[in-house]
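Novice: quick one, structure for this:
(one chain, ligands or ions: 1)
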Amino acid sequence: MARQLDSATRVALVERVRFYRDLGLTEFYRRPVDAALLAAEPELSAQPETPGAPGLASETWEPASQPALFADFQPANSHQEHPIPHSKSMPAPPEIAAAIPPASRAAALQLIREDIGDCTRCPLHTGRNKLVFGDGSPVARLMFVGEGPGADEDAQGLPFVGRAGQLLNNMIAAMGLRREEVYIANVVKCRPPGNRAPAPEEANTCSPFLFRQIDVIRPQVIVALGATAVTYLLGARQPLAGLRGRVHSVRGTQLIVTYHPAYLLRDPRQKKEAWADLQIAMRELGLKPPNRG
Ligand code: SF4
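Specialist: Numbering: from 1, shown residues only. Here you go, the predicted model:
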């Protein structure tokens, strides 16, 4: 008879699988259950979690190797990084649009927003409270691209304003920048229900608007936050681990890959890795970390 896991164990199991996915391990299999072993350990699922164990919710935080501004956070689990659903193929991205003079970029972004309108192009519109277009400088040298709005973003109509947004703000500050100097957008502009990953049909329907935003802003560097962002920016589903640590190219712009801030909240030990990724972006931008005297 199939054994039912309690909800806490199911959540921990899901997060553990996500953690392995983030490491690039995407193939999993189930071993047949050993009935004798199960009988000997009836409380297996009730064992306490190891503090800070990979992929498990943890309230521990080790700031030693982080920049000071990076260290101001307590982990939360409001929004997790998601596995990308399989899709047979991804549509080719639109042609790169002609460059727009810096003085006209704000108006060009407004035009894209007006084109989106009260969008019903994909099913995500049905659960939307506020459409989250993007936020920041139209002439930003650095752009961050995430997955999609969460509950806080859906309520406020702005990207990255929840706890993950708080962490992103501090990541930006650690780079010596202010949030107003960068541009932040997502692959989809409406909140997927239950913070699930956007379905390929949804992401493929919405991502052309993101590409248009990129073409207008023409940042020098894009930082893709998590697997969903990099999948739809590069047009290929690849393990995040294999993409980090080097400079890619998308729409004529350098692309750096790192973890989604929500994933860093779940597994703060990966902040050191994320900081290494951000340092690549800083190198490409010619930035030095601010002096914390
Ligand atoms: Fe339109 Fe994008 Fe919202 Fe879908 S997610 S309804 S395509 S704005």
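Novice: drop to CA atoms for contacts and neighbour counts, all remaining ones
Specialist: Fine.
Novice: what does the stretch 1-150 of the chain put close to the ligand?
Specialist: Counting by C-alpha under 6 Å from any ligand atom, the stretch 1-150 of the chain comes close to the ligand at 119-122, 124-125.
Novice: what about the closest residue to residue 106 other than its chain neighbours, which SS state?
Specialist: Leaving out its chain neighbours, the residue that sits closest to residue 106 by C-alpha to C-alpha, 6 or more residues apart in numbering is residue 138, at 5.4 Å. In three-state terms, and counting by DSSP: H, G, I helix; E, B strand; the rest coil, residue 138 is coil.
Novice: do the same with residue 254
Specialist: Under three-state DSSP, residue 254 comes out as strand.
Novice: residue contacts, it?
Specialist: 220-222, 247-248 (C-alpha atoms under 8 Å, 6 or more residues apart in numbering).
Novice: swap in residue 213?
Specialist: Going by C-alpha under 8 Å, 6+ apart, residue 213 touches 109, 112.
Novice: name the element it belongs to?
Specialist: Using DSSP states H and E, residue 213 sits in helix 200-217.
Novice: how about that helix, which residues are buried there?
Specialist: Neighbour-count burial for helix 200-217 flags 200, 202-217 (criterion: 16 or more other C-alpha atoms under 10 Å).
Novice: and residue 224, how many residues sit next to it?
Specialist: With neighbours defined by other C-alpha atoms under 10 Å, the count for residue 224 comes to 26.
Novice: for it, give me phi and psi.
Specialist: phi -80, psi 120 (degrees, to the nearest 10).
Novice: ok, it to the ligand distance?
Specialist: To the ligand, residue 224 is 18 Å away according to C-alpha to the nearest ligand atom, to the nearest Å.
Novice: centre of the chain to the helix holding residue 213, how far?
Specialist: Put simply, helix 200-217 sits 15 Å off its chain's centre (C-alpha atoms, centre = their mean, to the nearest Å).
Novice: that one and the ligand in contact?
Specialist: Yes. Using C-alpha under 6 Å from any ligand atom, helix 200-217 reaches the ligand at 202, 205-206.
Novice: quick one: which of these is nearest to the ligand?
Specialist: Ranked by distance to the ligand (C-alpha to the nearest ligand atom), the residues of helix 200-217 next to the ligand are led by residue 206 at 3.9 Å.
Novice: pLDDT value on the closest residue to the closest one other than its chain neighbours, please?
Specialist: With C-alpha to C-alpha, 6+ apart as the criterion, residue 206 has its nearest non-adjacent residue at 5.4 Å, and that residue is residue 188. On the pLDDT scale, residue 188 is placed at 98.
Novice: ok, now residue 31?
Specialist: The model reports residue 31 with a pLDDT of 56.
Novice: could you do residue 13 as well?
Specialist: As predicted, residue 13 sits at a pLDDT of 75.
Novice: could you do residue 28 as well?
Specialist: 57.
Novice: domain ranges for the chain?
Specialist: Structural domains annotated on the chain: 1-58, 68-285, as defined by automatic domain parsing.
Novice: for the ones you listed, which has the smallest mean pLDDT value?
Specialist: Looking at those, the bottom one is domain 1-58 with a mean of 52.
Novice: on that earlier part again, ok, now how distant is the residue nearest to residue 106 from residue 258?
Specialist: From residue 138 over to residue 258 the distance is 23 Å, taken as C-alpha to C-alpha, to the nearest Å.
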